[in-house]
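Q: mind looking at a prediction? Sequence and model below.
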Amino acid sequence: MTVISGAERRTAGWSEALRRWADGGNLIYAVLGVALIIAWPLVDVAGGDFMSGDSIRSILLRSISLGIVAMGQTLVILAGSLDLSVAYVISITTVVAASTIDGQASRLPLGIGLVLAIGAVVGLLNGLIITKTKTNPFIATLGMALVLQGILRSGVSAAKGEVPSSFQALGYKSLGPVPLAVLLLVVVFAVVYFLQRYTAFGAHLYAVGGDVQTARLSGVRSDRVIVTAHVLCSLAAVAAGLFVMARLGTGDPRVGPDGAYDLDSIAAVVVGGTALSGGRGGVAGTLAGVLLLSVLDSVFNSLQVSSFIQQAVRGGVLIVAVAAYAIRKRRAEG
Amino acid sequence: MRQGIKAAALAGIGALLLAGCGSTAGSNEAKAGDGTVVSEGRSSKWFDQAEYDRQLKTAETAPEGSADQPWLQRVNSPTEDTSQYKKDGPYNLCVSNAGVGNPWRVVGLNTMEHEAKLHPEIGKLNVVDAQSKDEKQIADVNDLVNSGNCDALIVSPNTTAALTPAVEQACQKLPVIVFDRGVNTDCPVSFVHTAGGYAFGDAAGRFLVDNVKKGGNILVLRALPGVDIFETRYVAGQIAMEEGGLNIVGTEFTNYDAAKTKSIVSDYLQRGPIDGVFLDAGGTAVAAIEAFEDAGVPVPPITGEDQNDFLQAWHDNDLTAVAPTYPAFQWRTAILAALQVLKGEPTAKEWVLPQPVITKDNLSDYYTPDMPPLFYALCGCQDMPGFPGDWKK
Amino acid sequence: MITAPVEQATPARRAQAGNALQRLARVGPVVTVLVILYILCGLKNPMFFEPTVAMGLIKRAAPLMVLAAGQALVIIVGGLDLSVGALVTMTVVLAAGVSNGDPTATWWLLPGLLLLGAFVGLVNGLIVTRLKVPSFIATLGMMGILGGVVFQWSGGAPRGALAENFRTLGRSWIDVPVLGQLPYSVLVVLVVTVVGWWWLHRSDFGQQVFAVGGNADTAELSGVPVSRVRVAVFTVSGLCAALAGILLGGFAGVSAQVGSGMEFEAISAVVVGGAVIGGGRGSLPLAVAGALTLELLFTLLNLFSFPEPIRVTVQGVIIIAAVAYGGFRRRRTG
């Protein structure tokens, strides 16, 4: 006869279930939840208002560009590859689109179409170099980043082009309480999640990332999967670039590297639970990872923590997160 | 053997391509009808004749106000009524700072914070650092404006064009003071800046014309492309030097990196004599000087800035040099302008500050041997409590 | 002035020249490229054949060469060290800020900084081996932590100054006959390369490094202390980074940008030298040669007055080509 009361047993049941849920691949959501719960009083005590519409919108807005890029990066990392060229794809997108559009709303389709095409070509090249010449993705995309950087610098040295106010709305306006940018993020997320979860392509991604030889033996055309993943990743970078362009109102060649989109997107992906070696994880976790980083940013800003400490903490969070996943994996493997 | 040849072929083809496509550095000058030289700089997109004339005139105009408080001086800066912004203290001042990524900005921010401490009516000075990122600064400005905790917003924009929409939105909610780089809107209540890049570059260029023989070889070292305050300096310098009969043998970007500066100067020294060096940003001037020293070549006339290591090298080695300045005391003025606005006092819509040039005649006024090398002499901080210790850490 | 060997060649001499090239090529394509680039530089401007100038080239490449040596070890053991750039920055900024130009501080600063670099490397190694965090992530996180901490301490941009005697290693030279000037940094590079070569390619420990990089599981089964090997390698990488920082600070003094991007340059140098990301293959001396090659490439591009943007693009193409070519070569020779 146990001495635990009914109420205690119920609480034990709840916390046990919660722990199992958190352990079972949902760690990032648990952490995000905890972060929100801790952040709320912290920020409010510091004089802010964490749960206000403005504050939430601010957190979400910080997440848009990195979030969109990180989704594309998730696909590539799932396949066992990675993409270091996304930062310059973003820069080129803002410059080429803003210059082409040059303030005229009628030229929007032309500008957007052009940069999407450029993104597709870059992704295609990345994928082909990696699969056909068997060059390591780190080097291949690093080299591509340098090539893009050179092309960018030879064409333009400063902010260029103009964005019509109708498109700038994407960066600043809202539909009711929801900023348009958040809707963009949700749409991109839905598309990528669908691809990852419900299509053969998604299944193949996991297979190729998990074990390329086995995947090939099962008939998966691994080269095509990897190339497609890279194309999608570059397209996502273009989408992020279009959003950034809307925010800036102009094209800016430095915006990609400034935002450290290459390394930060990889960081967001692994913090969200996707393994760097591929085959495990997903975009939902990535999105939670991005949100977590944004919450951290917002909290630090309210507490007026210096940006250098923020940078150091982000580095620490990255290591701790991945270490936690590694420990979990080892425990699961027994 | 085949691998060796393949590698050689790769390198060879690469080099041939390079050779074929290489463009010569150096400037193109057009000759006007009467044989005088018209610099290509005048057709640069960064050249604005009206602004150029205005800045050069400003540089020659004596400022109003006392010379021992240059951060309060004004040149042709009519004031406007700001009584609509009048508020009772204590004031919460918010600052969106582009970043502290170079020593000038570090000195400037330090000086600004000390200025704020001099005024008990400032309750809080909240400085947010954008780490030199446009996107972050836009988010910072939005957050500050929406926080409701700011009585006035001071902005030092990272990029002129990119920060314009954010500043425009901010203007609708509170008085905005912009300093250092500007924005493409005149909605801010006050825009604090010194004479400008054209004046800076012109002073440097004309110094070289006066001190280098006609037809002499000039090496131009530039920090970063596309930054408006540097582009204007370069253009004005280019015009002054080319129209003054000097020959620019090379224009190179150093990325504001000392190692790169040294390497570039060493390489050029291999190509031929250098009779003068023009820098649009004086932070790496000492690296250029060291390159000459390491090569055993006397240092030619060189332009720099008021960074103390340059002043020290100038003084100790008796160099032929000039240091136009982009005074860090404008960081003080920004606070003072904000206070004027919040007190409803008449404030200059565009507060133009003087931009002194350090020459061999007044070097001893500005050079202080025991201040650190990365200290900026025109900080306007010498009379502040805490000097020099707080600027030495 | 050089006489091309082929000009007055008899068949015998031609065979000799062919043999020499053959031997060079067998060492590694990077050496051939290095020699060709150097000759091209000299053809364009004969001053480069003068010993003083040649030494000057090595002097300014020295920091990267030392960095490449350490990175080679890490890459061959199967990892990546992204924190070295931040370590270089930290070394210079700390030295300047702490000593403030005081020459008496140099005596304890030099060993202190080297120890600090080794310690950071040790921590990296422990994170990788104990916490099972992939080295990409561990060192990426460390990069953020180091950068944030250092600039928080210094207040944003470097402060202080480096003493003259601190800068000796990176900047000064000994006057010698024949060569004229022998920079200290060249001596340092020589020592590092010889010691590194012996340690990696001639000692038992080096064999273990290759074994772990080739297949860590097999190595472990054969009794190789995998964790200890990894930790040792990362520690040495950190040590090399600190040494590179000392050389760089010596050469160029303190500036705001010091060290940024050097991790990617080092990795590029190592792969240009023939190592493979993923581990198991590579050469330390060739990595050092790769660093010098990159520096020569930049100098050559500079000599040909090539606009800056194209230099960056060329760098990107070269890196991809080098790795792709290396992979191609490996597959052909099996």
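A: The structure has been received and is ready for your questions. Everything numeric in this text was worked out from a predicted model, so none of it was measured.

Q: OK, contacts around the residue of the stretch 1-150 of chain A found nearest chain B?
A: Residue nearest to chain B within the stretch 1-150 of chain A (C-beta to the nearest C-beta): residue A:54, separated by 4.5 Å. C-betas here are computed from N, CA, C, even on glycine. By C-beta atoms under 8 Å, 6 or more residues apart in numbering or on different chains, the residues touching residue A:54 are B:146-147.

Q: can you do 10 Å?
A: A:48, B:142-143, B:145-148 (C-beta atoms under 10 Å, 6 or more residues apart in numbering or on different chains).

Q: out of these, which end up buried?
A: When the contacts of residue A:54 are checked for burial by 16 or more other C-beta atoms under 10 Å in any protein chain shown, the buried set is A:48, B:142-143, B:145-147.

Q: so which of the residues you listed sit within helices?
A: Per DSSP state H, helices hold the following members of these: B:142-143, B:145-147.

Q: just checking, residue B:145 touches residue B:174?
A: Yes. Between residue B:145 and residue B:174 there is a contact under C-beta atoms under 10 Å: 6.6 Å.

Q: how about the residues of the stretch 51-200 of chain C by chain A?
A: Contacts of the stretch 51-200 of chain C with chain A, taken as C-beta under 10 Å from any C-beta of the partner chain, map to C:80, C:82-83, C:86, C:123-124, C:127, C:130-156.

Q: in helices, which of those appear?
A: Counted as lying in helices by DSSP H, out of these, are C:86, C:123-124, C:127, C:135-154.

Q: only the buried members of the residues you listed: can you turn that into a PyMOL selection?
A: This is the PyMOL syntax for the buried subset of these, where burial follows 16+ other C-beta under 10 Å:
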select buried, chain C and resi 86+123+124+127+135+136+137+138+139+140+141+142+143+144+145+146+147+148+149+150+151+152+154
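
Q: near chain B, from the ones in helices among the residues of the stretch 51-200 of chain C next to chain A?
A: When C-beta under 10 Å from any C-beta is applied, the members of these adjacent to chain B are C:151, C:154.

Q: sorry, back to before: show the pLDDT at the residue of the stretch 1-150 of chain A closest to chain B.
A: pLDDT for residue A:54: 72.

Q: that one: which element?
A: Residue A:54 belongs to helix A:53-78 when assigned by DSSP states H and E.

Q: can you check residue B:352 too?
A: strand B:350-353.

Q: okay, now the sheet partners of that strand, with direction.
A: For strand B:350-353, the paired strands and their directions (DSSP bridges) are strand B:190-194 (parallel).

Q: right, and the helix or strand after the strand it pairs with?
A: helix B:197-211.

Q: CA atoms of the next helix or strand after that following helix as PDB?
A: Going down the chain from helix B:197-211, the next helix or strand is strand B:217-222, by DSSP H and E. Only the C-alpha atoms of strand B:217-222 are listed here, as PDB (Å, rounded to 0.1, in the frame of the first residue of the first chain):
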ATOM      1  CA  ASN B 217      53.400  59.100 -57.100                       C
ATOM      2  CA  ILE B 218      50.600  58.900 -54.600                       C
ATOM      3  CA  LEU B 219      49.400  55.700 -53.100                       C
ATOM      4  CA  VAL B 220      45.700  55.900 -52.000                       C
ATOM      5  CA  LEU B 221      44.700  53.600 -49.100                       C
ATOM      6  CA  ARG B 222      41.000  53.300 -48.500                       C
END
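
Q: is stretch C:272-290 in proximity to chain B?
A: No. If you take C-beta under 10 Å from any C-beta as the test, stretch C:272-290 misses chain B, and the best it gets is 10.8 Å.

Q: does any part of that stretch sit near chain A?
A: Yes. Using C-beta under 10 Å from any C-beta, stretch C:272-290 reaches chain A at C:272, C:276-278.

Q: and that stretch, how far from the chain's centre?
A: Distance of stretch C:272-290 from its chain centroid, counting by C-alpha atoms, centre = their mean, to the nearest Å, is 11 Å.

Q: how far away is the closest residue to residue B:78 other than its chain neighbours from chain C?
A: Among residues not flanking residue B:78 along the chain, residue B:348 sits closest, at 6.7 Å (C-beta to C-beta, 6 or more residues apart in numbering or on different chains). To chain C, residue B:348 is 29 Å away according to C-beta to the nearest C-beta, to the nearest Å.

Q: number of residues surrounding residue B:348?
A: Counted with other C-beta atoms under 10 Å in any protein chain shown, the neighbours of residue B:348 add up to 21.

Q: please list all residues in contact with it.
A: B:74-80, B:189-192, B:333, B:337, B:340.

Q: coming back round to it: and the least confident of the buried ones among the contacts of residue A:54?
A: Across those, the bottom pLDDT score, 67, is held by residue A:48.

Q: and chain C, which of the contacts of residue A:54 contact it?
A: Near chain C, by the rule C-beta under 10 Å from any C-beta, you find none of the contacts of residue A:54.

Q: can you give me the strands for the stretch 101-250 of chain B?
A: Counting by DSSP state E, counting those that start in this stretch, one finds strands in the stretch 101-250 of chain B at the ranges B:122-129, B:152-156, B:176-179, B:190-194, B:217-222, B:247-253.

Q: okay, the ones you listed in a markdown table with mean pLDDT and mean neighbour count next?
A: Listed next are the strands of the stretch 101-250 of chain B as a markdown table, based on pLDDT from 0 to 100; neighbours: other C-beta atoms under 10 Å in any protein chain shown:
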| stretch | mean pLDDT | mean neighbour count |
| --- | --- | --- |
| strand B:122-129 | 91 | 18 |
| strand B:152-156 | 96 | 26 |
| strand B:176-179 | 96 | 28 |
| strand B:190-194 | 93 | 26 |
| strand B:217-222 | 95 | 24 |
| strand B:247-253 | 90 | 20 |
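
Q: need those strands in CSV with distance to residue A:298, can you?
A: Formatted as CSV, the strands of the stretch 101-250 of chain B follow (distance: least, C-beta to C-beta, whole Å):
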stretch, distance to residue A:298
strand B:122-129, 12
strand B:152-156, 19
strand B:176-179, 23
strand B:190-194, 30
strand B:217-222, 38
strand B:247-253, 36
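
Q: indicate which one of those strands is closest to residue C:194.
A: strand B:247-253 (35.2 Å; C-beta to C-beta).

Q: using PDB, list the CA coordinates for the closest one.
A: Listed next in PDB are the C-alpha coordinates belonging to strand B:247-253 (Å, rounded to 0.1, in the frame of the first residue of the first chain):
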ATOM      1  CA  ASN B 247      49.900  61.000 -60.100                       C
ATOM      2  CA  ILE B 248      47.800  58.400 -58.200                       C
ATOM      3  CA  VAL B 249      49.600  55.100 -58.800                       C
ATOM      4  CA  GLY B 250      47.200  52.900 -56.900                       C
ATOM      5  CA  THR B 251      43.900  52.900 -55.000                       C
ATOM      6  CA  GLU B 252      43.600  50.000 -52.600                       C
ATOM      7  CA  PHE B 253      41.100  48.900 -50.000                       C
END
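
Q: what about whatever helix or strand comes next after it, near chain C?
A: Downstream of strand B:247-253, the first helix or strand assigned by DSSP H and E is helix B:258-271. Yes. Contact of helix B:258-271 with chain C (C-beta under 10 Å from any C-beta) involves B:258-264, B:266-271.
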